[in-house]
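# give me a 3D structure for the following:
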Amino acid sequence: MPDNPQSVLASNPPWWAALFSWREISSGRTLVIVALGVCWLLFFNEIHGEWGVNPQYSYGYMVPLLTVALLWRRWPDRPVAVAGKSPLLPVAVIALLFFQLPISLIIEANPEWRLLYWLNGFQVLGLTFGLIYYWGGRRWIGHFGPPLVFVLIAVPWPMELEQRVIQGLMKFVAGLTVGVVNLLSIPAVQHGNLIEVGAGVVGIDEACSGVRSLQSGLMLSLFLGEIYRFSWMRRGALLCASLLLVVLANLTRTTILVWLAANRGLHQMEAWHDTAGTLIMLIVLPSLIGLAYFMKPRLTPFSPHPGGGPEVFPKTPRWVGLSVLIWLVATQVTTELWYRSHETQLIPNTSWSVAWPFQEPQFKNTVIPENSLAILRCSESEAAAWRDEAGNEWSAFLLQWKPGKNSEQLAKGHRPDICFPAAGARLVDDFGRVTLNANGVELNFRHQSFQIGSKLIHVFYCLWSDRISPHEEPLVENGSQMSRLNAVLAGKRNLGQKVLEVVVAGPDSKDAAVDLLKTQLSLLVKRN
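Model (predicted):
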């Protein structure tokens with residue numbers, strides 16, 4: 001029994017006392033960890049808007065927590081730390097930190113540019129791997145790499161790739177469904193992503209195509225592969241199995257919905273639409289968990305962390321962590337000052353509204369599907385269809401978004417080249433931009449033509465911002481890299497948006513369609 005137990009406790013304090021001591025909190029190592037954590041928080045802050053906007057990425061909220069859990073699980077059996085030494089490491093870290101400023105500036109004006117999400121993700125991963133290499137060497141990178149790379153599953157796919165996958169899956173599922181229901185003696189015809197039966201047309205939307213369950217299945221299969229420490233071959237097999245399971249489950253779902261539409265009417269199909277989707281998820285995800293459980297190896301493929309005394313990490317000067325934190329704050333302040341300095345010069349754009357032609361004998365108000373509105377998250381929506389005296393068929397809709405971080409992203413997400421192919425239309429021509437005057441309002445439209453069966457339609461799409469700069473020419477927002485960079489130079493961000501889309505069937509040439517639209521806009525658009 002020691003003479004003075006308090007002196008023994010003072011010389012050997014518990015681990016948590018050392019962890020929360022001021023010396024440890026203000027150490028260079030802790031400051032570097034805090035700076036790296038700030039980088040991750042800034043990254044998640046940029047992409048979390050997509051998690052709320054796009055239902056197929058709603059699982060993203062769980063990914064950071066799951067990543068932390070996977071890293072925590074990897075910690076006990078980590079290899080012995082051998083500090084990495086490379087003269088290129090400081091250069092690489094400084095270069096990655098430098099890119100924080102242009103990424104911050106560009107993404108503020110282009111919150112829908114998903115390529116920046118990936119660049120930002122790889123940048124933060126690079127900084128994280130640099131710190132891990134500095135502390136534990138290459139063996140630590142190999143050990144902690146898989147759970148860190150897992151975080152990229154939360155990053156939305158590039159828009160072009162995503163649309164190709166979505167459109168491809170919807171057409172693929174629609175084709176398989178038609179084949180199955182024909183075997184069940186239900187006559188059905190495929191029109192792109194639509195299935196026509198006797199009772200009407202059934203749309204195969206993103207939910208029916210399995211895009212949401214596909215994304216969730218990919219995330220879960222990668223997570224389970226890491227939990228069970230599968231080999232790369234087993235992880236690939238589990239990933240392929242999840243894809244097959246998702247396709248089969250959603251084929252069953254769409255077959256049931258088409259059967260309900262053909263035998264009990266479209267109202268019954270709509271009543272069961274969401275319920276069927278929930279049941280599919282309740283089947284797919286537990287099945288994937290069970291499959292991973294049976295695939296797990298019998299023997300544990302890892303051993304506990306070897307003993308031999310406490311690990312000694314290389315010292316990190318305090319000024320390193322402080323410098324990184326100061327730089328991160330400076331990038332955010334610079335970004336805010338840049339855009340605020342330009343926003344003070346903005347003035348309200350011309351205000352206008354749509355006066356629907358109620359006087360037309362065949363005029364009718366139409367409704368945008370609830371599934372589309374849920375994805376678009378617009379503040380207001382209006383839609384209508386009519387036929388003019390010459391027999392031309394018209395339809396139009398007006399969508400409005402209030403100013404906010406995702407307003408421009410959501411507005412640009414509903415474009416003819418995305419939506420019309422989903423309904424079985426084929427793009428015939430892209431005539432580019434045409435500017436038309438409607439009662440003193442200069443509207444810039446993108447003009448495209450599509451073929452739907454034997455019918456040729458002309459589509460005019462206009463994206464309108466609620467504020468503009470009086471000293472600069474209006475920006476051409478065509479989604480190109482140059483137009484995105486011009487938006488940064490102009491300090492344009494977070495503007496309220498309005499989309500007017502007008503569709504006309506009847507004219508057989510570009511000029512005839514433009515002339516008709518000029519006449520119609522004089523009646524349709526009213527300056528406030």
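
# from now on I want contacts and neighbour counts done on CA atoms only, so please keep to that.
Will do.

# and for Gly277, the neighbour number?
Residues within reach of Gly277, counting by other Cα atoms under 10 Å, total 20.

# quickly note the distance from it to Gly236.
Distance of Gly277 to Gly236, given as Cα to Cα, to the nearest Å: 26 Å.

# and if you look at Leu443?
Separation of Leu443 from Gly236 (Cα to Cα): 51 Å.

# tally of neighbours for Phe431?
With other Cα under 10 Å as criterion, Phe431 counts 11.

# check for me that Phe397 belongs to a helix.
No: when classified by DSSP: H, G, I helix; E, B strand; the rest coil, Phe397 is found to be strand rather than part of a helix.

# and for it, nearest residue in space, chain neighbours not counted?
Spatially, and ignoring its direct neighbours in sequence, Phe397 is nearest to Ala383 (4.0 Å; Cα to Cα, 6 or more residues apart in numbering).

# that neighbour sits in which helix or strand?
Secondary structure assigned from DSSP states H and E places Ala383 in strand 380-387.

# show me which residues of that strand are buried.
By neighbour count on 16 or more other Cα atoms under 10 Å, the buried set for strand 380-387 is 381-387.

# can I get those in a markdown table with pLDDT and distance to Leu101?
As requested, the buried residues of strand 380-387 are exported to a markdown table (pLDDT from 0 to 100; distance: Cα to Cα, whole Å):
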| residue | pLDDT | distance to Leu101 |
| --- | --- | --- |
| Ser381 | 87 | 37 |
| Glu382 | 90 | 40 |
| Ala383 | 91 | 42 |
| Ala384 | 93 | 45 |
| Ala385 | 92 | 48 |
| Trp386 | 92 | 50 |
| Arg387 | 90 | 53 |
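
# just flag the most distant two among the residues you listed.
Ser381 and Arg387 (21.0 Å; Cα to Cα).

# now do the helices in the stretch 151-300 of the chain.
159-183, 206-209, 211-227, 232-264, 266-295 (DSSP state H, counting those that start in this stretch).

# just checking, next helix/strand downstream of the last one?
In this case it means helix 266-295. helix 318-343.

# quick check: next helix or strand after that following helix?
Next helix or strand after helix 318-343 toward the C-terminus (DSSP H and E): strand 347-348.

# now do that following strand: everything it contacts.
With Cα atoms under 8 Å, 6 or more residues apart in numbering as the test, strand 347-348 has contacts from 466-470.

# paired strands for that strand, with orientation please.
strand 467-468 (antiparallel) (DSSP bridges).

# and the contacts of the partner strand?
Strand 467-468 has contacts (Cα under 8 Å, 6+ apart) with 346-349, 474, 495-496.

# tell me the SS of Gly404?
Secondary structure, three-state DSSP: Gly404 is coil.

# for Leu97, that is, sorry about that
Classified using three-state DSSP, Leu97 is helix.

# ok, the residue nearest to Phe397 touching Val367?
Yes: the pair Ala383 / Val367 is scored as a contact, 6.1 Å apart, by Cα atoms under 8 Å.

# what's the neighbour count on His342?
15.

# next one, pLDDT for the most centrally placed residue in the chain please.
Nearest residue to the geometric centre of the chain (Cα atoms, centre = their mean): Pro156, 3.8 Å. pLDDT recorded at Pro156 is 89.

# can you tell me which of the helices of the stretch 151-300 of the chain comes nearest to Leu427?
Across the helices of the stretch 151-300 of the chain, closest to Leu427 is helix 159-183 (Cα to Cα), at 14.1 Å.

# next one: the closest one to chain centre, how far?
Offset of helix 159-183 from its chain centre (Cα atoms, centre = their mean, to the nearest Å): 20 Å.

# got a ChimeraX select line for the buried ones in the contacts of strand 467-468?
Filtering the contacts of strand 467-468 down to the buried ones (16+ other Cα under 10 Å) takes a single ChimeraX command:
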select :346,495,496
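
# what is the most widely separated pair among the contacts of strand 467-468?
Across the contacts of strand 467-468 (Cα to Cα), the longest gap, 15.3 Å, separates Pro474 and Gly496.

# contacting residues for Trp464?
Contacts of Trp464 (Cα under 8 Å, 6+ apart): 497-499.

# before we move on, what about Gly126?
Neighbouring residues of Gly126 by Cα under 8 Å, 6+ apart: 93, 96.

# from Pro102, how far off is it?
Shown here: Gly126 relative to Pro102, a distance of 17 Å by Cα to Cα.

# cool, Leu524 as well?
Going from Leu524 to Pro102 by Cα to Cα gives 42 Å.

# pick out whichever of the two has more residues nearby.
Per other Cα under 10 Å, whichever of Leu524 and Pro102 has more neighbours is Leu524, with 17 against 13.

# mind pulling up the pLDDT for the more buried one?
91.

# my read is that it contacts Phe358, right?
No: using Cα under 8 Å, Leu524 makes no contact with Phe358, being 10.5 Å away.

# the protein - how does it break down into domains?
Domains of the chain are assigned by automatic domain parsing as 15-156+314-343, 160-295, 347-527.

# out of the buried residues of strand 380-387, who's nearest Asn182?
Of those, the one sitting nearest to Asn182 (Cα to Cα) turns out to be Ala385, at 33.4 Å.

# quick check: bridge partners of that closest one?
Here Ala385, judged by DSSP bridges, has bridge partners Lys364, Ser395.

# give the contact list for it.
Contact analysis of Ala385 by Cα under 8 Å, 6+ apart lists 363-366, 393-396.

# out of these, who's the most crowded?
Within the contacts of Ala385, neighbour counts (other Cα under 10 Å) peak at Ala396, which reaches 22 neighbours.

# now do Glu473, the pLDDT please.
The predicted local confidence for Glu473 is 58.

# I meant Ala262, not that one.
Predicted confidence (pLDDT) for Ala262: 84.

# that one and Asn250, how far apart?
Distance, Ala262 to Asn250, using Cα to Cα: 18 Å.

# now swap in Asp388 and tell me
To Asn250, Asp388 is 42 Å away according to Cα to Cα.

# looking at these two, which has the bigger crowd around it?
Asn250 (25 against 14).

# got a list of contacts for stretch 264-280?
For stretch 264-280, the external contacting residues (Cα under 8 Å, 6+ apart) are 199-200, 202, 207-208, 249-250, 253, 257-258, 260-261.

# do I have it right that Gly404 meets Gly496?
Yes: counting by Cα under 8 Å, Gly496 is a contact partner of Gly404 at 6.9 Å.

# shaky segments in the stretch 401-528 of the chain?
405-414, 418, 422-424, 470-480 (pLDDT under 70).

# mind listing the helices for it?
Here the stretch 401-528 of the chain has its helices, by DSSP H, counting those that start in this stretch, at 407-412, 416-422, 481-489, 510-524.
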